[in-house]
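Student: sequence plus predicted model, see below.
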Amino acid sequence: MLNAVVSAVTDRIIERSRDSRAAYLALIEREAAAQVRRPGLGCANLAHAYAGTEEDRDAMKADAGMNIGIVTAYNDMLSAHAVYYRYPELMKIWAREAGATAQVAGGVPAMCDGVTQGYPGMELSLFSRDTIALSTAIALSHGTFEGAALLGICDKIVPGLLMGALRFGHLPMVLIPGGPMPTGLPNKAKAAVREKFAEGLVGRDELLEAEIGAYHSKGTCTFYGTANTNQMMMEVMGLHMPGAAFVNPGTKLRQELTRAAVHRLAKIGARGDSYRPLGHCVDEKAIVNAAVGLLATGGSTNHLLHVPAIARAAGIIIDWEDFDRLSCAVPLIARVYPNGSADVNAFEAAGGMPYVIRELLGEGLLHGDIMTIGGDDLSAYAKTAVVEGDTLGWRDTPDSGDETILRPATAPFSADGGMRILAGNIGRACIKVSAVERERWIVEAPAVVFNDQLDVIEAFKRGELDKDVVVVVRFQGPRANGMPELHKLTPPLGVLQNRGFKVALVTDGRMSGASGKVPCAIHCSPEALLDGAIGLIRDGDMIRVDAVNGTLEALVDADVWAMRKMVAVPPPVSGMGRELFGMFRGLADEAEKGASAMLAGAGL
């Protein structure tokens, strides 16, 4: 039986989305009926489409089977996507095995937030999601594909691929991951070296060796940040082949899961006997599953932006209140770094996503009755993928292999999820508490206010933050500078907390998906540039961040607060291509809606 809270939140989303979802479904129905299809294209058009495909040209001319469009985020600067190098050529072979053909429809950008953290390039990060969505739409605009395989893993790439692909929701599509890199230097050991470096106790050479020891191979980073949260979400939404999320690159199982994804895609087109268009797979229930999975596993706060944006592309409206209500009912059943000491490889070994889905389905916390890529319903994703000999199959998932990492939903690490929504006279904000010790869920301390994260680091180095403090970093929202992650602040704030001080961060920017032990009230909305009350805070104001009662308050006399003037807006920045994204900053809507200029401009 479905949990009452999950049911009520789903009904709330369905009712709120009634008109926009109906308009979306009407769009994809029209596209399915009147789409530009290969048999209807002019001969010159087809000749252009087939000119680079000598091996498959005859099959394409005969229109004998599905032509699969591959949209790839390959580059070898991003470790998680370097694995995609040979995927297209292999997928073409596997498509032929299934009586289909495949072409690379297009590439999308895939920046690495780990490279740009703390530098100007990070200010392009969030808007790369809209760019990826636009690039996906361009790739699929040729009218020569009956289905699509989306190759992407990391932070903005999966949301961007889905946002673009959903506008072609009459087509069946599958997300194909590449898996995490093998375990290197443990994440907690890496974090300890970062904190020592922040204190000046180790030098750059030792820090670099630690970082390379942690990030050492092809595949996703092994902490449970945004990239790996993406993979969790694709599983609970049924958009992978079952069990594909966390299988290492270069293994037989990884290869066979990718092969099976291509074979499966060839069978679920409009001319097959099991038509599964993406726009029907991603419905209100699937979006609720994504939110439940996020809460149950302590995933990345970035998905409080990405899930609403993905949903809007499918005509579905989910807000932070929905997450907050779900958080009261969804138990935390996984501890993966930064919410614990284990990495995603240990999580997978303990049972991984099949165990999570089994447990949540068993307690009525996930919608099982959704249209999935890999089975008749979500129960197929509660089984564990295995290769026996040369045959891919799925077997029943055993109980947790390590209850320090995965626990039953009836005996969780916490009775509720790891996210909270805060509200008060500073505005609305989000906080992730799954990695924060309970005694730190309430911090009341004087504010020290900054307009730039680098100024925070310099103040830390000068010893000016060695006290109980709420660090306020404003003008970091979508309209101001593209809402960069402020992960560079994690080591110094962690050091202050280690020294025994009460520490919190309040910002209209983002934190990394790897945000951890310091309480951070993030995505503060309205942002400072839009006259949000975060722009009224002054040095020395007492700020209360309260994740127990869900409040975010400046403890300033109401009359004084009402007389405050907004602080001056910093001058716009340029360089590193940031000026080219002025239109994105100018159109971006608020964080709770997904902070998308593209969706806002499209009226979605």
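Tutor: Ah, there it is. Note that this is a predicted model, so its numbers are computed, not measured.
Student: quick one: distance of the lowest-mean-pLDDT helix or strand in the chain to the chain centre.
Tutor: Every helix and strand of the chain was ranked by mean pLDDT, DSSP states H and E. The lowest is helix 187-198, at a mean of 85. Distance, stretch centre to chain centre, for helix 187-198: 25 Å (Cα atoms, centre = their mean, to the nearest Å).
Student: equivalent analysis for stretch 260-268, please.
Tutor: 25 Å.
Student: residues contacting that stretch, please?
Tutor: Applying Cβ atoms under 8 Å, 6 or more residues apart in numbering, the contact partners of stretch 260-268 are 65-66, 68, 91, 94-95, 97-100, 102, 147-149, 172-174, 176, 240-241, 244, 272-276, 373-374, 392. All C-beta atoms are positioned from the backbone trio N, CA, C, and that covers glycine.
Student: kindly report the same for stretch 449-458.
Tutor: Against stretch 449-458 from outside (Cβ under 8 Å, 6+ apart): 118, 459, 465, 471-476, 484, 486, 488-489, 492, 509, 537-539, 570.
Student: hmm, S400 is touching P408, no?
Tutor: Yes. The criterion here is Cβ atoms under 8 Å, and S400 meets it with P408 at 7.1 Å.
Student: quick one: residues contacting E31.
Tutor: F168, G169, H170.
Student: an error on my part: the question was meant for A504.
Tutor: Taking Cβ under 8 Å, 6+ apart, we find A504 in contact with V443, A445, V469, V470, V471, V518, P519, C520, A521, I543, V545.
Student: go again using 7 Å as the cut-off
Tutor: V443, V470, V518, P519, A521, V545 (Cβ atoms under 7 Å, 6 or more residues apart in numbering).
Student: and the residue nearest to the third one when sequence neighbours are not counted, how close does it get to I157?
Tutor: Put plainly, it is V518. Take V518 and drop its neighbours on the chain: the residue closest to it by Cβ to Cβ, 6 or more residues apart in numbering is L493, 4.5 Å away. As for L493, its distance to I157 is 28 Å (criterion: Cβ to Cβ, to the nearest Å).
Student: paired strands for the longest strand along the chain, with orientation please.
Tutor: When every strand of the chain is counted residue by residue (DSSP state E), the longest turns out to be strand 442-450. The sheet places strand 442-450 alongside strand 469-473 (parallel), strand 542-546 (antiparallel), with pairing taken from DSSP bridges.
Student: as TSV, those strands with mean pLDDT, distance to A562 and mean neighbour count would be great.
Tutor: Rendered in TSV, the data for those read as follows (pLDDT from 0 to 100; distance: least, Cβ to Cβ, whole Å; neighbours: other Cβ atoms under 10 Å):
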stretch	mean pLDDT	distance to A562	mean neighbour count
strand 469-473	97	19	25
strand 542-546	98	17	21
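Student: okay if I get those strands as TSV plus distance to S341?
Tutor: Written out in TSV, the entries for those read as follows (distance: least, Cβ to Cβ, whole Å):
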stretch	distance to S341
strand 469-473	26
strand 542-546	26
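Student: for Y84, find the nearest of those strands.
Tutor: Closest approach to Y84 among those (Cβ to Cβ): strand 469-473, 35.3 Å.
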